[in-house]
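Novice: Okay, here's the prediction I keep looking at, along with the sequence it came from:
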Amino acid sequence: MSTIEASPEVGHDEHGHDHDHPPFLAHHFDTPEQQFDSGKLGIWLFLVTEVLFFSGMFCAYAIFRALRPEVFEGCSQFLNTKLGAINTGVLLFSSLTMAWAVRCSQLEQHKGLVGTLAATLSCAMIFLGVKAIEYSHKFGMGLLPAGLFFYDPSNPHPTDHPPYLLYICAPFALALVGVLIWLVVSAASGNKFQFAVAKPLSVVCLCFFVGVGLGTVLESGEDSADHVDVHADPNGLATASVMLEAEKSAEAEAAPAIAASGAMVPVEESVLEILATDPTNVGVVSGLNALEQQTAAAGTSTVTGDGEILGAVTTTEVDVMTPTTAGVFFSIYYCMTGIHAIHILAGIGVLVWLLVRAVRKDFNRQYFGPVDYVGLYWHLVDLIWIYLFPLLYLIR
Amino acid sequence: MSAHAHSEDGHSADGHDFAHPMSVQTLLAVFFALTVLTVITVAQASFDFGAFEVATVMFIATIKAVLVMAFFMHMLADKPFNAIIFIGSFVFVGLFVIFTLGDSMMTSHSFEPRVVELAPAVAEPTITTVDGAP
Amino acid sequence: MSAGSLPSGSQVRDPGYPTPSENYLTNSKGVLSWIFTLDHKRIGVMYLVGVTVAFGVAGLLALLIRLHLFQPTGMVFQGEEANNWYNQVFTLHGAIMVFLFIIPSIPAALGNFLVPVMLGAKDVAFPRLNLCSFYLWVFGALFFVSALCASGLDTGWTFYTPYSTTTDSSVILATSGAFILGFSSIFTGLNFIVTINTMRPPGMTWFRMPLFLWATYATSIIQVLATPVLGITLLLLIAERTMHIGIFDPEYNGDPVTFQHFFWFYSHPAVYIMILPAFGIISDLISVHSHKRIFGYRFIAYSSIAIALLGFLVWGHHMFTSGMSSLTTIIFSALTFTVSVPSAIKVFNWLATMYKGSISLTTPMCYSLAFIFLFTIGGLTGLHLGTLATDMHLHDTYFVVAHFHYVMVGGTLVAFLGGVFHWWPKMFGKMYSEAGGRLSALLVFAGFNLTFLPQFVLGSRGMPRRYATYDPEFAALHQMSTWGSMLLGFGLLVALVVLLRSLKSGKRAPANPWGAATLEWECTSPPPFYNFERAPTVGDPYDFSNLEWDAENERYVKIEPAREIVPEEQPVTEPVHAEDSK
């Protein structure tokens, strides 16, 4: 009876030191290529989950834009296109440096790898810095999610709000200070490895404030142009002139459209009409009058009580800057860009870990998986922004 | 996967086994193309395509997305299975959005309470036309 | 298959029994070795313990519900807050059962243990991610427990708006818990897809995999695609409660039905996450215990994938009465019929497998037979609910409750128990009392039917679901149902006791007690911590022709015919030209 060829004295650990099993190869994989292919498939599946995750918000966006296109047009004015375009460019550049980093890891160019990873991180920080300006600016103006919305067209820039920008920048400032201290300490103690890590990280943390500075310059430049227009003309841009949906609903109710001549088109309630011909049926007559006035107000002419027509009103100006309308736009804006920013933060965390490993020269031509996988995640973050930017910032 | 598979089994033409390093020219060319497309995207906002607004914007964004996926994400050089599952996921996104959006549009008119706050102080009725309004 | 004697001269291949230092349960000692383990088998065992505890808690809540409904005016909860208490109890029962038990049970507890071993691999593709999934499960469970203890959740497990956005109960705690559990589910699915794709041994093509792996693969596809949508839905719900983002609130031009669309886009595929692994277990169990090749292997494999994909097209059938447009309801109803076809194909294939097979009425087989009966009823009643016209009357009645309990309890739970009884010898190396096991199957079957068959009648007669009190005309059926639930609970207790007793005093299990041909039976029971020294030779997973019953040792062994040396003549020992040189 044959038994399995187990040799318990040869502990499991011994396998790791097989010449066929290099230390970067996990014990349950046979070849580095199998390990790489598994990781690749794993990260693509994770990207699939991310796509489905964002799809919910894109669906909410689609629903609201389809139902309220005028709200989206009106509110998109408040999103600074220049800053959005800069962010797009920055993220595209970071995608380039990330793909370059993968190339460096595959070619075992360790210095290049550290440089490109640091560049990617720096771009991410610039992105966040610009975002910080955008968010703090909007918080100050009261352009918040629907439940917290308090924008007032007559006082668009209240000065008595808490220093939002300070709150947002505080943790990054702390990080910068921490990294700089670490830099000095590691230089002084001669720890080459720590110094090699702290150097690029300090550049990265500085870049957040580069982004903040960039945002401030461009936002203030904006102030003199767009904002003035918007704020000086609350009935212009901030109110959308629309063809009234009430007219559409009037059609839907099959209410009679009253022609400009003022003649009464036969209504469906023909019984009431017949009754109204008798002037003693005061209630029915005044009821029909009221109906007529209502539909006329929704229609293309105004009819006063004694049958006079004052002229056609084809549009009514609707104020979209209310919590129930613009508030919803900004809810969707904050949800989408906010969750995107959280993904950027997570990406920054993972990239820092990669940077440390790169300085440690962990990667070689048979083991560059982690760089490749993080790269794929980063490209997805870029992909999502490629869609977010035009959908939120470029609605006219 | 035999236990004896050595690195030479891979694509050893350039000595890089299973890795496919991208050339710097390709990377830079793709980045340049993406930048140009971004400029086009911003520029198109000044034109009004009416009902095709969203379609135009999504079309350009999709070209950019395809470039990022094919080159930066190596989809062209990878196993086709990875591309199939990623692109396949968009089918499910489409399914979800189309049904939900469609149903929402079909039902909204019947029950929406049209919370409309009219702009204050519209003194006299003015006849104004809206650009692109039907 | 001969009745016990091994053909003479034949070579027997059997891995024997593991030594304590090989046995994965004992190869390293101490609590920390379990807490930080990367061994998929230990993780599977920890999951098994976890889901059993969750099942116990939610099961007790169920008994509380049934006890309360024994009388029309409610027997357990009294006073002003009675209905409030009742709402909390059924909400927690549903939420704990769905998120903590049914969805993880088969994939995480059994799947984690079996998938690598069935593949002849040493572990799953990402062992650390596997451990992470387990801790996410634990973390999510803690959130649910705290929601229990905090200002009681009473929205129903479906969290419908606008109530869930306006009530002041612990919705955020519970939805955060569900969000975390969603990630546990996603990572498990991800792990399995990669493992099955890249770690199959040489010779195991897609169509030589055991059907349990096909089922796991299909389940994992759903987990990866659908669960993120639940994640974003819950996140938006939390945002709605905290920041009033407004998308589900009509006052802010939102729509509560949008929440339902978002929620059911996940939750309908989720029910296929619950049932597909059960199908996989039954395919394997029926084949092994009938000692006959599975009928229609490819059909079963393809139908698993078909169910996974078609399941994404039908979520609207949970919302027929919620105000969707007529066109939408008609489309969803039509699509719902298509998804019943692959399930029916499976049932026919199982019956055909049993036909002319040599059936052993072991405990796993008893549970499998129960499954076929109960799932068929559950599936057919699903058609009543998928039909638009009848659903208008049956929606939100006890008919729905009976339907989903038939498929989830009569289906998934029964299959889970069958699987646990089938693979228990492999996992723990002990045989249990067959008599006790069969008794538990009988009690569970009888108790279950007594509980839920009356509920179909209740529903079609108009008893609404989630009601704490009811008209006296329904009393008799409710009482029947309550007695049935006590019997069901007792049967489940018997099952638990039988299994736990086997750990203490069961016979030592051989490598292959049932005579199955899949790879997990080629290692010892329990397996060594490394599973296989090197990948075993892959044969046909449903070919039982070379397995014989070894009566002396009470086990099945693989038989190879006696070897002959061919050719008969011995090789020449001297060189050909030796004579010349002499």
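Specialist: Cool, got the structure.
Novice: For the helix or strand harbouring C:Leu213, name the packing helices and strands.
Specialist: Assigned by DSSP states H and E, C:Leu213 belongs to helix C:211-243. Applying 3 or more Cβ pairs under 8 Å, 6 or more residues apart in numbering or on different chains; DSSP states H and E, one finds that helix C:211-243 makes contact with helix A:32-67, helix A:326-359, helix B:80-111, helix C:112-118, helix C:163-166, helix C:171-198, helix C:256-289, helix C:297-310. (Glycine included, C-beta is placed from N, CA and C.)
Novice: Measure how the first one sits relative to helix A:326-359, angle-wise.
Specialist: Just to be clear, that refers to helix A:32-67. 170 degrees (axes from the mean of the first three to the mean of the last three Cα atoms, to 10 degrees).
Novice: Apart from its chain neighbours, what residue comes closest to A:Val197?
Specialist: Using Cβ to Cβ, 6 or more residues apart in numbering or on different chains and skipping residues adjacent in sequence, the residue nearest A:Val197 is A:Val359, 5.1 Å away.
Novice: residue contacts, the one you found?
Specialist: Shown in contact with A:Val359 (Cβ atoms under 8 Å, 6 or more residues apart in numbering or on different chains): A:Val114, A:Phe193, A:Ala196, A:Val197.
Novice: Need the per-residue pLDDT for it.
Specialist: pLDDT recorded at A:Val359 is 94.
Novice: ok, now how distant is it from A:Trp353?
Specialist: 11 Å (Cβ to Cβ, to the nearest Å).
Novice: And chain A, what are its domain boundaries?
Specialist: Taking automatic domain parsing as the reference, chain A has its domains at A:31-234+A:332-393, A:237-320.
Novice: Sketch out the low-pLDDT regions of chain B for me.
Specialist: B:1-16, B:109-134 (pLDDT under 70).
Novice: that older thread, just the buried subset of the contacts of A:Val359, written out for ChimeraX, thanks.
Specialist: Command for ChimeraX that selects the buried part of the contacts of A:Val359, burial taken from 16 or more other Cβ atoms under 10 Å in any protein chain shown:
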select /A:114,196,197
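Novice: Can you pick out the most distant pair from the contacts of A:Val359?
Specialist: By the measure Cβ to Cβ, A:Val114 and A:Phe193 form the most distant pair in the contacts of A:Val359, at 11.9 Å.
Novice: for C:Leu153, what are its contacts?
Specialist: C:Gln88, C:Thr91, C:Leu92, C:Ala95, C:Ala147, C:Ser169, C:Ser170, C:Val171, C:Leu173, C:Ala174.
Novice: related to what we said a few turns ago, quick one: closest of the helices and strands packed on helix C:211-243 to C:Ile232.
Specialist: Closest of the helices and strands packed on helix C:211-243 to C:Ile232 is helix A:32-67, at 3.4 Å (criterion: Cβ to Cβ).
Novice: Now chain B against chain C: closest residue?
Specialist: B:Met106 (3.7 Å; Cβ to the nearest Cβ).
Novice: list the contacts for the residue nearest to A:Phe330 when sequence neighbours are not counted?
Specialist: In this structure, A:Phe330 finds its nearest non-sequential neighbour in A:Leu143, 5.3 Å apart by Cβ to Cβ, 6+ apart. Residues near A:Leu143 by Cβ under 8 Å, 6+ apart: A:Phe78, A:Phe149, A:Tyr151, A:Ala326, A:Phe330.
Novice: run the last query once more with 7 Å
Specialist: A:Leu143 sits next to A:Phe78, A:Tyr151, A:Phe330 when contact means Cβ atoms under 7 Å, 6 or more residues apart in numbering or on different chains.
Novice: so where do the helices sit in chain B?
Specialist: Counting by DSSP state H, the segments of chain B that form helices are B:24-44, B:53-67, B:80-111.
Novice: What separation is there between A:Val71 and B:Gly50?
Specialist: 18 Å.
Novice: so how far is stretch C:82-96 off the chain centroid?
Specialist: Chain-centre distance of stretch C:82-96: 24 Å, with Cα atoms, centre = their mean, to the nearest Å.
Novice: same thing with stretch C:341-359?
Specialist: 19 Å.
Novice: Need the contact partners of it.
Specialist: Stretch C:341-359 is contacted by residues C:1, C:279, C:282, C:286-287, C:289-292, C:294-296, C:299-300, C:303, C:306-307, C:365, C:372, C:376, C:379 when judged by Cβ under 7 Å, 6+ apart.
Novice: same question, stretch B:74-91
Specialist: With contacts defined as Cβ under 7 Å, 6+ apart, stretch B:74-91 is touched by A:Lys40, A:Leu41, A:Trp44, A:Leu45, A:Leu47, A:Val48, A:Val51, A:Leu52, B:His20, B:Met69, B:Ala70, C:Leu225.
Novice: Can you say which of these are buried?
Specialist: Buried among the contacts of stretch B:74-91 (16+ other Cβ under 10 Å): A:Lys40, A:Leu41, A:Trp44, A:Leu45, A:Leu47, A:Val48, A:Val51, A:Leu52, B:Met69, C:Leu225.
Novice: what about the nearest residue to C:Gln260 once chain neighbours are set aside, neighbour count?
Specialist: Nearest residue to C:Gln260, sequence neighbours excluded (Cβ to Cβ, 6+ apart): C:Met319, at 5.1 Å. By other Cβ atoms under 10 Å in any protein chain shown, 19 other residues sit near C:Met319.
Novice: Helices - which of the contacts of A:Val359 land there?
Specialist: Checking these against DSSP H, those in helices are A:Val114, A:Phe193, A:Ala196, A:Val197.
Novice: Next one: the third one from A:Ala187, what distance?
Specialist: Taking Cβ to Cβ as the measure, A:Ala196 and A:Ala187 are separated by 11 Å.
Novice: likewise the first one?
Specialist: Noted for A:Val114: a distance of 17 Å to A:Ala187, by Cβ to Cβ.
Novice: same thing with the second one?
Specialist: Computed with Cβ to Cβ, the distance linking A:Phe193 and A:Ala187 is 12 Å.
Novice: so A:Phe64 touches A:Phe330, yeah?
Specialist: No - in this structure A:Phe64 lies outside contact range of A:Phe330 using Cβ atoms under 7 Å: 11.3 Å.
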